[in-house]
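>>> any chance you could fold what I've pasted below:
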Amino acid sequence: MPRMKTVNIHDVARIAGVGVGTVSRVLNGGAHVKRSTFVRVSAVIQRLKFRPNAQARRIQRRRSEMVCFILSNRPFLHPVHAAILQGAEACARARNYHVVFVVVHHSESVPPNQIPLPPVLEERGWTDGVILTGAVYPNLVRRIEMLGIPFVAFGNNVFGLKGRRRFDQVCYDGAKGEFEATEYLIGQGHRSIAFVGDISYPWFREQCQGYVGAMRANKLRPILLTSQQNRNSVGYGEAAATSFLKKKSLPTAILAGNDEIAYGLWRSFRRRGVRVPQDVSLIGLDDLEIGLMMEPPLTTIRVLKEEIGRACMVLLHERLHHRHLGWAQRIVQTKLVMRGTVWPR
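Numbering: from 1, shown residues only. Below you'll find the model as predicted:
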């Protein structure tokens, strides 16, 4: 059987009686094309069942229409970063971009040029830009900078840059969220309020600053349990509960650095006959499903994770089209979600 001839853009232009450039503009939305011409060309495209060559279109535009989402030093898929990826992908799809997901593991001590990257990043032209998430050390930031392509970082999770933030980033306002949660507890009559979280991690350190600020603003003494986390977050919470129970008295309320730490605290207290919230109130952060598994459900500071992903993609899209603009930071606000683990005193 003879092979059927593949319809190309020149065939469409010839039958519609227009130039190739006009067909291209119709395919890209019809800007600066008369309505009658747009209708005629569209009819020919439909009749011939013409499908443009995506790779040729990318070459013409000098863009791959691909964005690489990097998850650094985190398990596949961490629930927070999974939701950020979901938000980024939905936003990318609306802008006719595709998202490629990759995982990178690196030590903070390895030189930047020795951090192994997937081929989609190493080979030029495969991707237009990068969204950088996970636990990110400065050497990985430098490694991505060496590629010479635009990138946006999830800024809460970038370690040790000591004020050097000369790159686009999206952050949630953890300090403000923790400040407001502490103020809420104080408004409920609590005066002995503790914070639990390893402040060697930048996101916990920022949250702790908000908590301490609220306590001092109300002339209350901060109670900090911020030892280094050498186990998973649930285990860290269980160990924190044991530390509290060794003291003469429990705080009346605890702010956990995340929902998994809060779950560990709740589970350990429950085993030892300490009631939440009757004996101690508890607030987490992230608004993960694990908080809904508690009884009663966990009061938490909601991080709008999908909104962070969308903001990352919007900022990256702006950078791709306006590379001359100065570095930008977008802040996503948090929200206190009242459930059942806080009682007034």
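>>> what lies in contact with stretch 139-147?
Here stretch 139-147 makes contact (CB atoms under 8 Å, 6 or more residues apart in numbering) with 70, 72, 104, 106, 108-113, 115, 117, 121, 130, 132, 151, 153, 158, 161, 167. For glycine as for every other residue, the C-beta is placed from the backbone atoms N, C-alpha and C.
>>> now do 10 Å
Identification of contacts with stretch 139-147 by CB atoms under 10 Å, 6 or more residues apart in numbering yields 68, 70, 72-73, 104, 106-117, 121-122, 124, 127, 129-130, 132, 134, 136-137, 150-151, 153, 158-161, 164-167.
>>> and the protein, what are its domains?
Domain assignment for the chain by automatic domain parsing gives 9-52, 66-173+306-332, 174-303.
>>> which among those is found nearest to Met338?
Met338 lies closest to domain 174-303 among these, at 5.6 Å (CB to CB).
>>> average pLDDT across that closest one?
For domain 174-303, mean pLDDT rounds to 96.
>>> swap in stretch 81-94?
On average, stretch 81-94 scores 94.
>>> and for the closest residue to Pro202 other than its chain neighbours, the neighbour number?
Spatial nearest neighbour of Pro202, excluding adjacent residues (CB to CB, 6 or more residues apart in numbering): Phe159 at 5.8 Å. Neighbours of Phe159 under the rule other CB atoms under 10 Å: 17.
>>> show me the contacts for Phe159.
So Phe159 contacts 73, 108, 135-141, 200-203 (CB under 10 Å, 6+ apart).
>>> one more time with 7 Å
Residues near Phe159 by CB atoms under 7 Å, 6 or more residues apart in numbering: Glu108, Ala135, Val136, Tyr137, Pro138, Pro202.
>>> returning to that earlier point: deepest-packed of the domains of the chain, please.
domain 174-303 (a mean of 20; mean count of other CB atoms under 10 Å).
>>> can you give me how far it is from the chain middle?
22 Å (CA atoms, centre = their mean, to the nearest Å).
>>> gap between the two ends of it?
Taking CA to CA, to the nearest Å, domain 174-303 runs 8 Å from one end to the other.
>>> all set now, cheers.
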